[in-house]
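In: Coordinates only, no sequence provided:
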């Protein structure tokens with residue numbers, strides 16, 4: 001049964017519907033909730049790797065001959081080690097041995113198989129060729145150009161030919177005076193006292209009047225010629241020794257003669273006998289180890305040796321006496337000059353690389369070289 005709406009009910013219903021519509025129109029329009037953008041993934045950083053451990057420093061032991069062991073040697077050694085530690089990761093222990101005992105002591109070390117790193121070798125002390133023959137020295141043919149390029153490339157290529165044994169290099173020559181410059185090296189006080197004028201000395205016999213004056217004037221307290229030295233300098237007699245016998249310079253045939261078949265050798269022996277009888281040589285030679293004790297005590301006047309520039313100061317430092325010198329021969333290069341002073345590396349060394357690094361440093365770094373030769377420079381505060 002249908003129900004009729006009264007006019008009042010209809011108006012009430014219509015009003016309620018309008019209110020609902022009005023409320024809906026005033027409500028804010030809903031906005032969509034944004035979808036968050038996907039986060040960028042940070043690249044995975046590799047875990048930090050540990051730095052490679054630094055190699056432990058090598059201590060190099062170096063044996064060499066000397067006339068004097070200086071009291072501040074340890075200070076110089078420590079200062080050298082500081083530089084070496086930074087440059088080649090090595091330190092050094094300096095082991096000087098008095099020249100008179102040097103060869104014998106090195107022979108004992110080598111025979112016992114003692115471990116060391118560097119040593120002085122030459123043609124006249126701690127013999128180079130004997131050490132090579134006995135298998136004591138390391139072959140440095142590849143190591144020198146690899147780890148000492150400045151030093152290796154700086155030497156005259158002829159020097160490397162001279163030191164080779166069967167095509168291999170077993171020691172590194174010191175760059176020194178390779179030319180022969182032999183002559184008298186004389187105490188200046190005695191030269192002045194007895195009127196020696198070296199400018200007038202042209203041959204050994206010219207030294208005789210001065211030596212006669214010393215023998216007479218010093219009453220036996222000074223014997224002119226140094227003990228344990230002789231007059232046989234092959235170059236002074238116009239000869240060179242290739243290792244066996246002798247060769248006359250400028251001989252186009254390069255004929256090798258036995259020493260006893262050479263006239264110059266006989267002349268040297270005759271002059272030596274004459275001088276011995278005249279009192280120029282000691283009647284009894286002191287032990288080799290006492291040579292410098294004798295000379296420092298003022299018992300000798302002169303010797304024949306390499307009269308190089310600065311030798312007077314060198315002898316003053318070694319003997320306490322100022323010396324003067326003169327070269328008696330025309331300087332010329334010796335065939336065996338580079339072999340006279342060399343660095344050898346023992347086969348038992350802890351590090352060939354460190355040894356060659358030291359050779360490079362001492363031959364190319366002037367302050368480092370002067371540190372070894374002259375010691376630590378000290379400011380006096382005077383200037």
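Out: Now that the structure is in, tell me what you want to look at. Computed from a predicted structure; not experimentally measured. Residues are numbered from 1 along each chain as shown.
In: how about low-confidence regions in the stretch 101-250 of the chain?
Out: When the per-residue scores of the stretch 101-250 of the chain are filtered using pLDDT under 70, the ranges that remain are 242-244.
In: ok, which stretches of it are strands?
Out: According to DSSP state E, counting those that start in this stretch, the stretch 101-250 of the chain carries its strands in the segments 118-121, 164-165, 168-169, 171-173, 179-180, 182-187, 223-225, 239-240, 247-248.
In: Relative to residue 139, which of these is closest?
Out: Of all the strands of the stretch 101-250 of the chain, strand 168-169 sits nearest to residue 139, with 5.1 Å by C-beta to C-beta. From N, CA and C alone the C-beta is placed, and that goes for glycine too.
In: chain center to the closest one, what's the gap?
Out: Between the centre of strand 168-169 and the centre of its host chain there is 19 Å, according to C-alpha atoms, centre = their mean, to the nearest Å.
In: who's in contact with it?
Out: With contact meaning C-beta atoms under 8 Å, 6 or more residues apart in numbering, strand 168-169 is reached by 139, 140, 141, 144, 160, 163.
In: ok, of these, which come out buried?
Out: By the neighbour-count criterion of 16 or more other C-beta atoms under 10 Å, the contacts of strand 168-169 include these buried positions: 140, 144, 160, 163.
In: who touches the third one in this structure?
Out: If a contact means C-beta under 8 Å, 6+ apart, then residue 160 has residue 169 as its contacts.
In: per the record, what domains does the chain have?
Out: Per the record, the chain has its domains at 58-177+337-374, 179-333, by automatic domain parsing.
In: and the contacts of strand 168-169, which two are the farthest apart?
Out: 139 and 160 (13.3 Å).
In: what are the ranges of the strands in the stretch 251-383 of the chain?
Out: Using DSSP E, counting those that start in this stretch, the strands assigned to the stretch 251-383 of the chain run over residues 300-306, 323-325, 332-333, 342-345.
In: Most tightly packed of those?
Out: For the strands of the stretch 251-383 of the chain, average neighbour numbers computed from mean count of other C-beta atoms under 10 Å are highest in strand 342-345, which has a mean of 24.
In: Strand partners (parallel or antiparallel) of that strand?
Out: Strand pairing for strand 342-345, using DSSP bridges, gives strand 118-121 (antiparallel), strand 171-173 (antiparallel).
In: same question for it, mean pLDDT?
Out: Per-residue pLDDT values across strand 342-345 average out to 97.
In: With stretch 261-277 instead?
Out: For stretch 261-277, mean pLDDT rounds to 94.
In: Pull out the buried positions in it.
Out: Neighbour-count burial for stretch 261-277, counted by 16+ other C-beta under 10 Å, picks out 262, 264, 265, 268, 272, 275.
In: same question, stretch 112-120
Out: When burial is assessed from 16+ other C-beta under 10 Å, stretch 112-120 yields the following buried residues: 116, 117, 118, 119, 120.
In: any idea how far residue 175 is from residue 338?
Out: For residue 175, the distance to residue 338 under the criterion C-beta to C-beta, to the nearest Å works out to 9 Å.
In: more neighbours, those two?
Out: Set side by side, residue 175 and residue 338 give different neighbour counts by other C-beta atoms under 10 Å, the larger being at residue 338 (26 against 14).
In: Identify the residues contacting that one.
Out: Taking C-beta under 8 Å, 6+ apart, we find residue 338 in contact with 159, 162, 163, 173, 178.
In: Show the buried residues in those.
Out: Neighbour-count burial (16+ other C-beta under 10 Å) is assigned, among the contacts of residue 338, to 163, 173, 178.
In: ok, those residues vs residue 201, which is closest?
Out: residue 178 (24.4 Å).
In: correct me, but the closest one touches residue 339?
Out: No. Taking contacts as C-beta atoms under 8 Å, residue 178 lies outside contact range of residue 339: 9.8 Å.
In: all helices of the protein, in order?
Out: Assigned helices in the chain, in chain order: 7-26, 73-88, 99-111, 128-133, 143-147, 149-154, 157-162, 188-193, 208-217, 263-277, 291-296, 311-319, 352-364, 366-374 (criterion: DSSP state H).
In: ranking these by burial, who's on top?
Out: With neighbours defined as mean count of other C-beta under 10 Å, the helices of the chain peak in mean count at helix 352-364, which reaches a mean of 21.
In: can I assume residue 81 is in contact with residue 91?
Out: Yes. Under the contact definition of C-beta under 8 Å, residue 81 touches residue 91, with a separation of 3.7 Å.
In: what two of the buried residues of stretch 261-277 are the furthest from one another?
Out: The farthest-apart pair in the buried residues of stretch 261-277, when distances are taken by C-beta to C-beta, is 262 and 275, at 19.8 Å.
In: Residue 97 pairs with what?
Out: residue 65.
In: ok, now which ones touch it?
Out: 63, 64, 65, 66, 105, 106.
In: Repeat that for residue 356.
Out: Contacts of residue 356 by C-beta under 8 Å, 6+ apart are 140, 143, 144, 146, 147, 148, 172, 345.
In: got those residues as JSON lines, with distance to residue 183 columns?
Out: Rendered in JSON lines, the data for the contacts of residue 356 read as follows (distance: C-beta to C-beta, whole Å):
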{"residue": "140", "distance to residue 183": "34"}
{"residue": "143", "distance to residue 183": "38"}
{"residue": "144", "distance to residue 183": "34"}
{"residue": "146", "distance to residue 183": "41"}
{"residue": "147", "distance to residue 183": "39"}
{"residue": "148", "distance to residue 183": "34"}
{"residue": "172", "distance to residue 183": "29"}
{"residue": "345", "distance to residue 183": "34"}
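In: Specify which member of these is nearest to residue 321.
Out: Each of these was checked against residue 321 using C-beta to C-beta; the closest is residue 172, at 33.8 Å.
In: Just send the contacts of strand 168-169 back as TSV, with distance to residue 241 too.
Out: Supplementary listing: the contacts of strand 168-169 in TSV, determined by distance: C-beta to C-beta, whole Å:
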residue	distance to residue 241
139	26
140	25
141	26
144	27
160	21
163	16
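In: quick one: the residue lying closest to residue 317 once chain neighbours are set aside from residue 296, how far?
Out: Counting by C-beta to C-beta, 6 or more residues apart in numbering, the nearest residue to residue 317 once its immediate chain neighbours are dropped is residue 68, at 7.5 Å. Distance check for residue 68 against residue 296: by C-beta to C-beta, it reads 10 Å.
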